[in-house]
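**Student:** whatever this is, show me its structure:
(one chain, ligands or ions: 2)
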Amino acid sequence: MSSTYTASITAPVNIATLKYWGKRDTSLNLPTNSSISVTLDQADLKTTTSAMASADFTKDRLWLNGEEDLQLSQSKRLTQVLSSLKEKRRLREAKDESLEKISSWFVHIVSVNNFPTAAGLASSAAGFAALVVCIAKLFELDDDMTELSKIARQGSGSACRSLFGGFVAWEMGSLADGSDSKAVEVCPLNHWPEMKACVLVACADKKDVSSTSGMQLTVKTSDLFQKRIDEVVPERFEQMKKSIHDKNFALFAELTMKDSNSFHATCLDSYPPIFYMNDTSKKIVKLVHLINAFYNETIVAYTFDAGPNAVLYYLEQNELKLMSFIYAMFKDLNGWETKYSTEELNKFISNYDSLKLQELSLDMEIVKGCTRVILTRVGPGPLTIKESLINEHGFPKN
Ligand SMILES: Nc1ncnc2c1ncn2[C@@H]1O[C@H](COP(=O)(O)OP(=O)(O)OP(=O)(O)O)[C@@H](O)[C@H]1O
Ligand SMILES: C[C@@](O)(CCOP(=O)(O)OP(=O)(O)O)CC(=O)O
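**Tutor:** Residues are numbered from 1 along each chain as shown. Ligands and ions are numbered 1, 2, ... in the order given. Got it, this is the predicted structure:
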């Protein structure tokens with residue numbers, strides 16, 4: 001085999017606290033509103049992607065979770081992302097004669113998600129972020145993350161926010177060519193490292209209405225949607241950034257919950273209506289409001305993407321208060337023992353007893369609708385790794 005170039009990257013999932021829902025330009029993937037998210041820790045949820053370029057390859061190919069994904073390889077999203085990256089490389093080669101002309105070669109990409117794909121856990125976000133950063137590294141591009149976010153955005157809108165760690169905004173921009181529609185850091189991870197997240201996986205099946213088609217239906221048919229993008233989100237965008245800067249959890253949580261509700265309301269207001277939340281999701285909403293009312297303080301926020309899974313945001317200092325409820329209810333699900341010692345878990349239970357939470361007659365039916373709990377926290381952006389998923393011939397190692 002002639003000479004090859006390789007690179008490997010891991011990238012995080014991000015879960016929006018101010019939701020992106022609606023495109024003003026479907027081919028460039030330009031949104032109808034700005035959005036904000038928290039990047040989650042790759043220790044718990046991540047995509048790992050390796051790429052290789054070789055003059056011997058005869059086409060661009062992609063393997064996802066062990067299988068060659070022909071649909072994704074030939075999709076407009078992937079070809080658009082790859083051609084933007086190849087074009088950037090070509091411009092560098094034109095300026096610097098010493099660079100090998102790898103922009104005309106094909107690439108093989110191997111990617112693995114360590115969590116369910118296409119199940120409302122933002123796999124497209126981590127996946128396209130990993131892909132863009134990995135190929136940018138392979139091509140030795142010197143663009144910063146904001147510049148690369150404009151390419152990731154074309155793969156999947158929410159992917160642009162996974163190029164940064166911590167707290168991230170996707171500024172919608174106003175230019176027709178999309179050159180100002182980009183991700184920026186609101187605050188780095190170390191600004192508010194106490195931010196934790198508990199994901200209650202309500203159903204890990206593939207969803208029936210994709211985000212892409214769901215949001216198009218909303219844009220076309222919902223009356224509520226217009227008010228959301230004209231008034232509600234622009235105001236919330238500024239307030240939420242300030243709540244993060246000020247580390248004002250109560251405000252951050254209230255805005256997060258209201259925005260999740262507003263987004264799902266526009267889904268219900270679409271025609272025919274779209275239901276992403278299920279009965280379990282609704283019970284989790286009630287539970288969170290009950291917990292905040294019990295403590296007479298907002299210690300936890302829920303948010304739901306285009307699926308029934310709940311993401312609960314809370315601060316580390318309120319862990320005992322929150323987990324006295326959540327662990328007591330969801331203790332039979334997988335995911336606790338790797339995060340907490342037996343002593344800590346016993347403490348949650350004894351606090352549940354001493355607060356007499358059994359007297360609240362909590363709805364234990366919720367537990368039956370959940371399959372798994374993922375305990376995580378705010379985390380860093382994409383990371384370079386040494387180990388590769390690709391063997392020397394350009395195929396997945398197994
Ligand atoms: N590691 C990856 N590399 C490249 N593309 C990926 C990767 N993982 C997922 N994808 C792409 O993203 C698609 C799933 O996106 P989709 O928006 O339907 O679900 P999701 O991102 O898991 O959920 P949501 O965006 O609603 O939170 C997959 O079918 C695949 O095309
Ligand atoms: C509900 C959301 O998660 C929608 C994400 O939509 P996608 O980014 O998956 O959509 P495409 O741009 O069509 O790929 C909200 C959010 O992440 O902001």
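**Student:** which residues touch residue 273?
**Tutor:** residue 267 (Cβ atoms under 8 Å, 6 or more residues apart in numbering). Glycine gets a C-beta too; all of them are placed from N, C-alpha and C.
**Student:** what residues does the stretch 51-200 of the chain have near ligand 2?
**Tutor:** Contact residues, the stretch 51-200 of the chain versus ligand 2 (Cβ under 6 Å from any ligand atom): 124, 156, 157, 158.
**Student:** who's in contact with the residue nearest to the last one when sequence neighbours are not counted?
**Tutor:** Spatial nearest neighbour of residue 158, excluding adjacent residues (Cβ to Cβ, 6 or more residues apart in numbering): residue 125 at 4.1 Å. In this structure, residue 125 makes contact with 13, 14, 156, 158, 159, 161, 162, judged by Cβ under 8 Å, 6+ apart.
**Student:** among the residues you listed, which ones are in strands?
**Tutor:** residue 14 (DSSP state E).
**Student:** quick check: which element contains the residue of the chain found nearest ligand 1?
**Tutor:** At 2.3 Å from ligand 1, residue 127 is the closest residue in the chain, using Cβ to the nearest ligand atom. Per DSSP states H and E, residue 127 falls inside helix 123-138.
**Student:** quick one: distance of that helix to the chain centre.
**Tutor:** 13 Å (Cα atoms, centre = their mean, to the nearest Å).
**Student:** over to stretch 100-112?
**Tutor:** Offset of stretch 100-112 from its chain centre (Cα atoms, centre = their mean): 25 Å.
**Student:** and it, how far apart are its ends?
**Tutor:** One end of stretch 100-112 sits 29 Å from the other (Cα to Cα, to the nearest Å).
**Student:** now it: buried residues?
**Tutor:** Neighbour-count burial for stretch 100-112, counted by 16 or more other Cβ atoms under 10 Å, picks out 102, 103, 105, 106, 107, 108, 109, 110, 111, 112.
**Student:** doesn't residue 308 lie inside a strand?
**Tutor:** No - using DSSP: H, G, I helix; E, B strand; the rest coil, the secondary structure at residue 308 is coil, not a strand.
**Student:** just the CA trace of stretch 24-43, in PDB.
**Tutor:** C-alpha atoms of stretch 24-43 as PDB (Å, rounded to 0.1, in the frame of the first residue of the first chain):
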ATOM      1  CA  ARG A  24     -34.500  28.500   7.500                       C
ATOM      2  CA  ASP A  25     -32.200  26.800   4.900                       C
ATOM      3  CA  THR A  26     -32.300  23.100   4.600                       C
ATOM      4  CA  SER A  27     -29.400  22.600   2.300                       C
ATOM      5  CA  LEU A  28     -26.900  24.700   4.300                       C
ATOM      6  CA  ASN A  29     -28.600  23.600   7.600                       C
ATOM      7  CA  LEU A  30     -29.200  27.100   8.900                       C
ATOM      8  CA  PRO A  31     -31.500  27.300  11.900                       C
ATOM      9  CA  THR A  32     -34.500  29.600  12.600                       C
ATOM     10  CA  ASN A  33     -33.100  30.300  16.100                       C
ATOM     11  CA  SER A  34     -30.000  30.300  18.200                       C
ATOM     12  CA  SER A  35     -29.500  27.600  20.800                       C
ATOM     13  CA  ILE A  36     -27.400  26.700  23.800                       C
ATOM     14  CA  SER A  37     -26.200  23.400  25.200                       C
ATOM     15  CA  VAL A  38     -24.100  21.700  27.800                       C
ATOM     16  CA  THR A  39     -21.300  19.400  26.600                       C
ATOM     17  CA  LEU A  40     -21.400  16.100  28.500                       C
ATOM     18  CA  ASP A  41     -18.400  14.200  29.700                       C
ATOM     19  CA  GLN A  42     -16.800  11.700  27.300                       C
ATOM     20  CA  ALA A  43     -16.000   9.400  30.200                       C
END
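**Student:** that one close to ligand 2?
**Tutor:** Yes - using Cβ under 6 Å from any ligand atom, stretch 24-43 reaches ligand 2 at 29, 35.
**Student:** quick revisit: neighbour-wise, which of the residues of the stretch 51-200 of the chain next to ligand 2 leads?
**Tutor:** Within those, most neighbours by other Cβ atoms under 10 Å means residue 158, with 30 neighbours.
**Student:** isn't that one up against residue 37?
**Tutor:** Yes - at 7.4 Å, residue 158 and residue 37 qualify as touching, with contact defined as Cβ atoms under 8 Å.
**Student:** quickly list what's touching both of these two.
**Tutor:** 14, 16, 170.
**Student:** mind putting those residues into a markdown table with neighbour count and pLDDT?
**Tutor:** Output for the shared contacts of residue 158 and residue 37, formatted as a markdown table (neighbours: other Cβ atoms under 10 Å; pLDDT from 0 to 100):
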| residue | neighbour count | pLDDT |
| --- | --- | --- |
| 14 | 33 | 98 |
| 16 | 24 | 98 |
| 170 | 27 | 98 |
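**Student:** out of these, which is nearest to ligand 2?
**Tutor:** Using Cβ to the nearest ligand atom, those come closest to ligand 2 at residue 16, 3.3 Å.
**Student:** ok, now which ones touch that closest one?
**Tutor:** If you count contacts by Cβ under 8 Å, 6+ apart, residue 16 has them with 35, 36, 37, 158, 161, 303, 305.
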